[in-house]
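Engineer: please work out how this folds:
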Amino acid sequence: MSDQVTGTRLNKYLASCGVGSRRACDAIIQEGDVFINNSRVTTPGARVEPDDSVRVGRKVVTPKITEVILFNKPRGLVSSSSDELGRETIYAALPPHMHHLKNVGRLDKDSEGLLVLTNDGDLALKLTHPSQKVEKEYLVTVGSAFDNEIIDKLVRGVHTPEGRAAAKSVKRISPRRLRIVLETGLKRQIRIMLEALHIKVTKLVRIRIGSLVGGGLEIGQWRNLEEDEIAALQKNPGQARNKIDVEEGRALNPTGVRKSSKRGAAGLQRRTPAKADKSFKNTRRGPKKTGRKPASRKPRGRR
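Structural biologist: The predicted model follows:
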């Protein structure tokens with residue numbers, strides 16, 4: 001049996017040092033610019049042990065401490081590190097030592113609510129890649145009352161200049177307020193969908209990412225996320241519930257429906273009390289109950 005593989009893949013190690021994405025790091029390694037303990041390495045899958053010294057060119061690199069924060073973005077700030085129009089960005093509300101963090105996804109200038117910032121590229125990809133289908137939930141206020149058929153149209157999909165866009169679910173919570181859940185992250189998706197239906201958005205607030213909600217975080221405030229909260233970001237509510245049920249011994253199948261027992265899987269068996277000591281020979285079912293007393297049989301005489 002071969003020895004267990006230890007250490008961290010070189011491309012992943014370099015990405016954690018902030019050298020670049022894993023794909024960019026692969027190219028740097030293959031160009032021959034990376035050294036482990038002063039030995040040139042050209043294989044991205046090479047392993048880095050904790051005591052190894054890694055150098056890119058002449059610069060020794062070490063992994064950065066992963067940071068993930070949750071920020072309750074105020075209205076009026078642009079979700080960007082800089083703005084070509086000179087508008088104020090989210091970093092104006094964050095302390096200087098947080099300015100190296102990158103926002104995961106965007107909230108437009110007129111929107112507010114939960115926004116994740118991190119230096120973990122892998123986490124950012126998991127939260128934004130369409131294949132992961134991480135939910136984002138929004139409270140939306142519109143300028144006028146609307147018919148319920150609008151809700152059906154938003155779920156079925158709306159044709160917009162950016163292409164067809166649809167919500168995962170929509171729920172009316174008042175005549176002019178909606179709760180909308182998205183799995184996709186098209187630019188200004190909710191506003192564009194409603195504009196295509198001739199409805200104007202007056203307020204939009206993101207209240208949930210994955211299974212994580214704000215937890216009393218005031219507008220303009222931020223806080224560091226714990227490991228369990230980072231995990232909650234990557235799981236939708238149904239997925240999180242299934243995981244808890246499995247851990248507690250209530251195993252669920254992927255659809256969230258409780259698995260049947262062996263008896264149930266073979267077909268439900270009717271549980272009826274055992275009948276009294278009666279048998280009805282030569283018949284498949286017992287005599288019908290008519291409410292009448294059975295006629296008494298007269299003894300047969302001699303022939």
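
Engineer: can you name the element that comes right after the longest strand belonging to the chain?
Structural biologist: In the chain, taking DSSP state E as the definition, the longest strand is strand 201-209. Proceeding N to C from strand 201-209, the next assigned helix or strand is strand 212-213, under DSSP states H and E.

Engineer: next SSE downstream of that following strand?
Structural biologist: strand 222-224.

Engineer: quick check: neighbours of that following strand in the sheet, parallel or antiparallel?
Structural biologist: Strand pairing for strand 222-224, determined by DSSP bridges: strand 68-73 (antiparallel).

Engineer: would you mark the buried spots in the helix or strand following the strand it pairs with?
Structural biologist: Downstream of strand 68-73, the next assigned helix or strand under DSSP H and E is strand 102-104. Using 16 or more other CB atoms under 10 Å as the test for burial, strand 102-104 gives 103, 104. (Glycine included, C-beta is placed from N, CA and C.)

Engineer: which residues touch strand 102-104?
Structural biologist: 79-81, 90, 115-119, 123-124, 127-128 (CB atoms under 8 Å, 6 or more residues apart in numbering).

Engineer: can you do 10 Å?
Structural biologist: 68, 71, 73, 79-81, 89-91, 115-121, 123-128, 134, 185, 209, 233 (CB atoms under 10 Å, 6 or more residues apart in numbering).

Engineer: stretch 151-166 now?
Structural biologist: Counting by CB under 10 Å, 6+ apart, 147, 150, 167-172, 178, 180-184, 186-197, 199 sit against stretch 151-166.

Engineer: buried ones among those?
Structural biologist: 150, 167-168, 170, 178, 180-182, 188-194, 196, 199.

Engineer: of the contacts of strand 102-104, just the buried ones, ChimeraX syntax please.
Structural biologist: Remark: buried members of the contacts of strand 102-104, expressed as a ChimeraX selection using 16+ other CB under 10 Å:
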select :68,71,73,79,89,90,91,115,116,117,118,119,120,123,124,126,127,134,209,233
